[in-house]
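S.K.: let's see this in three dimensions:
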Amino acid sequence: MAGGGYGDTSQKIDYVFKIVLIGDSAVGKSQILARFARNEFSLDSKSTIGVEFQTRTLVIQHKSVKAQIWDTAGQERYRAVTSAYYRGAVGAMLVYDITKRQTFDHIPRWLEELRSHADKNIVIMLIGNKSDLEDQRVVPAEDAKEFAQKEGLFFLETSALNATNVEPAFLTVLTEIFNIVNKKSLAGGEDQTNGNPTSLTGKKIVIPGPAQEIPAKSNMCCRS
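M.R.: From the prediction side, this is the model:
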């Protein structure tokens, strides 16, 4: 089991892995992030505007790994953010809501977008969120499992509300990335460039500090 508390910044960081959350609006991406990064859940979560990220440092195989998790609005109008959003990402959480069939039906489109913008070797986890709402389920786990197998994705159902599988989902992805990176560095040791977490320099993206909500009124043009 990986350790790693919330906000422990004392130790040196061996790796920074950027992970992006994608999927339709209101599937619970921000809630999954809040649960993983701060162990919080808020029932009156506001829609994410633009892009934000949070970090959490964990220990994987005695190395200190900082997960930098990026969250974006699921609405079409934020598509302009894509290439910069995906740049440097080594992992992705593809999220749908088990109680809304449409959010699952859109997954192939999100996957296609991810594959056209992200690194070929990105580690992808398909997440069926809101597993606590079993009585409202419309997407059978079997459908998602089948899709994940066909596309070579990891798959878990999570509940950000009661914290089910949120930690395992991130740990699976982070551990897989960790293993890939270590194999690579053993093989050639020349992947300094694409593992660079600061490759966003020169791009104009306004990123709030970790764990900050952007107040809705700061961005009048983009209110939904």
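S.K.: next, count neighbours for residue 116.
M.R.: Counted with other CB atoms under 10 Å, the neighbours of residue 116 add up to 10. From N, CA and C alone the C-beta is placed, and that goes for glycine too.
S.K.: can you pull the phi/psi pair for it?
M.R.: The phi/psi pair for residue 116 (degrees, to the nearest 10) reads phi -80, psi -20.
S.K.: the helices in this structure, which residues?
M.R.: Ranges of helices in the chain, per DSSP state H, are 29-38, 82-86, 101-105, 107-117, 141-151, 166-187.
S.K.: looking at the ones you listed, spot the one closest to residue 63.
M.R.: Among the helices of the chain, helix 166-187 comes nearest to residue 63, with 7.3 Å by CB to CB.
S.K.: name the residues of that closest one that are buried.
M.R.: Of the residues in helix 166-187, 166-167, 169-178, 180-181 count as buried by neighbour count, 16 or more other CB atoms under 10 Å.
S.K.: save these as JSON lines, and put in pLDDT too.
M.R.: Shown next, in JSON lines, are those (pLDDT from 0 to 100):
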{"residue": "166", "pLDDT": "97"}
{"residue": "167", "pLDDT": "96"}
{"residue": "169", "pLDDT": "97"}
{"residue": "170", "pLDDT": "97"}
{"residue": "171", "pLDDT": "96"}
{"residue": "172", "pLDDT": "97"}
{"residue": "173", "pLDDT": "97"}
{"residue": "174", "pLDDT": "97"}
{"residue": "175", "pLDDT": "96"}
{"residue": "176", "pLDDT": "96"}
{"residue": "177", "pLDDT": "96"}
{"residue": "178", "pLDDT": "95"}
{"residue": "180", "pLDDT": "93"}
{"residue": "181", "pLDDT": "91"}
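S.K.: between those residues, which is nearest residue 157?
M.R.: Here the nearest of the buried residues of helix 166-187 to residue 157, counting by CB to CB, is residue 169; it sits at 9.3 Å.
S.K.: contacts only, for the closest one.
M.R.: When the contact criterion is CB atoms under 8 Å, 6 or more residues apart in numbering, the partners of residue 169 are 32, 93, 125, 127, 154, 156, 158.
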